[in-house]
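> Requesting a structural model of the entry that follows:
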Amino acid sequence: MRQVLAFSVCSVLLFAEAFAQNAFDADEFSMISRDRQGTFLGSHKIFKRPSKGLKKVSYCQQEYWIRPYTVAWAQTEVENKRIVRVEYSVGRGWRPICANPQTQVTLADFGINQDASEVIYFGGIRVPTQGETIFGAMKRSFAPPKADEKATGSYHAK
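Residues are numbered from 1 along each chain as shown. Below is the predicted model of the structure:
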């Protein structure tokens, strides 16, 4: 009976050890914005694996894969006097693992010379066409499609 109990305890401890090591590798990382009292305000998921549209960056000597929009979002959050950190979900809450990510990766690291608020406004990078001003690009983005252009679908049309 003692051997079965000892085996069970060892099995549980080994499983917990393996799970703890693999849990930190899971995609449970976010860039989180909080007010000065620590209240959650918003977040952007960041990833530990490459995917389309993501770029490899480093926060506190750890590699992540993120979108330029996330960098712009973090910058505007800090400009609005909010605290932004990389945090990890431990299942019962979030734990900060890297402070001041906005100082470690910037839009310039992505080759983007736009202001963070412009990247946020356009939902990503929106480059005006040759000879077009930023206001022309804004007007074009709100205009209905031309006769030879296909309209983009809507979630509600599905």
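
> could you point out which element follows the helix or strand of the chain with the lowest mean pLDDT?
Ranking every helix and strand in the chain by mean pLDDT, DSSP states H and E puts helix 2-23 at the bottom, with a mean of 47. Beyond helix 2-23 in the direction of the C-terminus, DSSP states H and E gives the next helix or strand as strand 29-34.

> and that following strand, what does it pack onto?
Strand 29-34 sits against strand 40-46, helix 68-79, strand 83-89, strand 94-99, with contacts defined as 3 or more CB pairs under 8 Å, 6 or more residues apart in numbering; DSSP states H and E. C-beta: built from backbone N, CA, C; applies to glycine.

> ok, now with 10 Å
Under the contact criterion of 3 or more CB pairs under 10 Å, 6 or more residues apart in numbering; DSSP states H and E, strand 29-34 touches strand 40-46, strand 62-66, helix 68-79, strand 83-89, strand 94-99.

> To residue 34, which of those lies closest?
strand 83-89 (5.0 Å; CB to CB).

> Below-threshold pLDDT in this structure: ranges please.
1-27, 124-134, 137-138, 140-141, 145-158 (pLDDT under 70).

> follow-up on the earlier one: mind putting the helices and strands packed on strand 29-34 in JSON lines, distance to residue 105 included?
Formatted as JSON lines, the helices and strands packed on strand 29-34 follow (distance: least, CB to CB, whole Å):
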{"stretch": "strand 40-46", "distance to residue 105": "10"}
{"stretch": "strand 62-66", "distance to residue 105": "8"}
{"stretch": "helix 68-79", "distance to residue 105": "6"}
{"stretch": "strand 83-89", "distance to residue 105": "10"}
{"stretch": "strand 94-99", "distance to residue 105": "11"}
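
> could those go into CSV alongside mean neighbour count and distance to residue 123?
Formatted as CSV, the helices and strands packed on strand 29-34 follow (neighbours: other CB atoms under 10 Å; distance: least, CB to CB, whole Å):
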stretch, mean neighbour count, distance to residue 123
strand 40-46, 15, 13
strand 62-66, 17, 15
helix 68-79, 21, 7
strand 83-89, 20, 19
strand 94-99, 14, 26
